[in-house]
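> Just to be clear, the model below is a prediction. Sequence and coordinates:
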Amino acid sequence: MCGRFVQYSQPEIYASRFELDSVCETRARYNLAPTQPVLAIRKNQEGKRELVPLRWGLVPSWSKGPDNRYSMINARAETVKSKPAYRNAFKYRRCLIPAEGFYEWKAGKGGKTPFLIRRDDQEPFAMAGLWERWKGEDGDALESCTIIVTDANALVREIHDRMPVILTRDVYAAWLDPENKDTETLEAMLKPASPARWILHPVSRQVNSPRNDGPDLLERVVGQTGLSRPEV
């Protein structure tokens with residue numbers, strides 16, 4: 001799964017990295033949590049790529065509205081095409097969710113140790129996402145998103161059995177295109193990222209609380225990690 005992640009690049013970095021036509025106002029976030037606004041990339045009605053804030057936790061258009069008991073922050077790659085909550089968004093409303101890293105926890109003596117997983121060059125990457133628009137009886141609209149997760153790769157597997165689907169640059173256009181109805185090709189994109197060029201290290205348990213949000217959360221904590229191999 002993916003329950004916390006990081007978005008801290010300046011908007012011009014995202015604009016360059018993801019070939020955006022427009023960006024929203026941003027601020028660095030080091031500990032994004034469910035129900036908070038996160039940045040997502042999608043195509044607008046003019047076919048332009050835009051960076052927009054979306055509530056993290058999908059709210060289907062046919063639902064009664066936000067319900068924190070069923071936050072739907074993650075969608076399993078195996079069922080996005082068939083589950084009622086996700087299948088329309090998978091067909092028509094796919095997005096990219098940029099990030100510089102995501103957190104996972106490993107259970108061990110003394111409790112769970114949080115780890116930061118990111119690229120070895122610390123460049124932003126794109127997680128596969130879906131978005132929805134829900135309208136209340138008063139006409140107010142809420143736009144929300146979910147992150148698609150798949151089996152963990154060899155690097156992440158020692159910490160957790162799932163990880164976000166991380167898309168490569170060559171498939172961004174096909175993923176974002178709402179006219180692309182080739183579900184077989186789209187499903188083929190939902191696979192674990194190669195562990196090459198990815199690193200992880202333990203971080204402070206301060207990340208456990210979403211109230212804590214600063215660059216110090218990214219720093220390596222030296223100590224017992226519970227890994228069966230050296231940290232990388």
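Good, I have the coordinates.
> Where does pLDDT dip in the protein?
Scanning the chain for pLDDT under 70 picks out the ranges 68-70, 223-232.
> hey, where'd the helices end up in it?
Taking DSSP state H, the helices of the chain run over residues 11-17, 87-92, 172-176, 183-188.
> Any buried residues in the second one, and which?
The one in question is helix 87-92. 87, 89-91 (16 or more other Cβ atoms under 10 Å). C-betas here are computed from N, CA, C, even on glycine.
> same deal with the third one?
Applying a neighbour-count criterion of 16+ other Cβ under 10 Å, one finds 172, 175-176 buried in helix 172-176.
> Next: stretch 105-112.
Neighbour counts over stretch 105-112 (16+ other Cβ under 10 Å) mark 105-106 as buried.
> Over to stretch 41-59?
Buried positions in stretch 41-59, judged by neighbour count with 16+ other Cβ under 10 Å: 41-43, 49-52, 54-59.
> Please tabulate those residues in CSV, including the columns distance to residue 134.
Formatted as CSV, the buried residues of stretch 41-59 follow (distance: Cβ to Cβ, whole Å):
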residue, distance to residue 134
41, 20
42, 16
43, 20
49, 23
50, 19
51, 21
52, 15
54, 11
55, 9
56, 14
57, 11
58, 9
59, 4
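> From those residues, which land in strands?
Among those, the members falling in strands (DSSP state E) are 41-43, 49-52, 54-56.
> Which parts of the chain are strands?
Using DSSP E, strands in the chain cover 5-7, 29-32, 37-43, 49-56, 74-76, 94-99, 101-108, 111-119, 125-135, 141-151, 162-164, 166-167, 198-202.
> quick one: strands adjacent to the shortest one?
The reference is to strand 166-167. Strand 166-167 sits in its sheet next to strand 125-135 (antiparallel), going by DSSP bridges.
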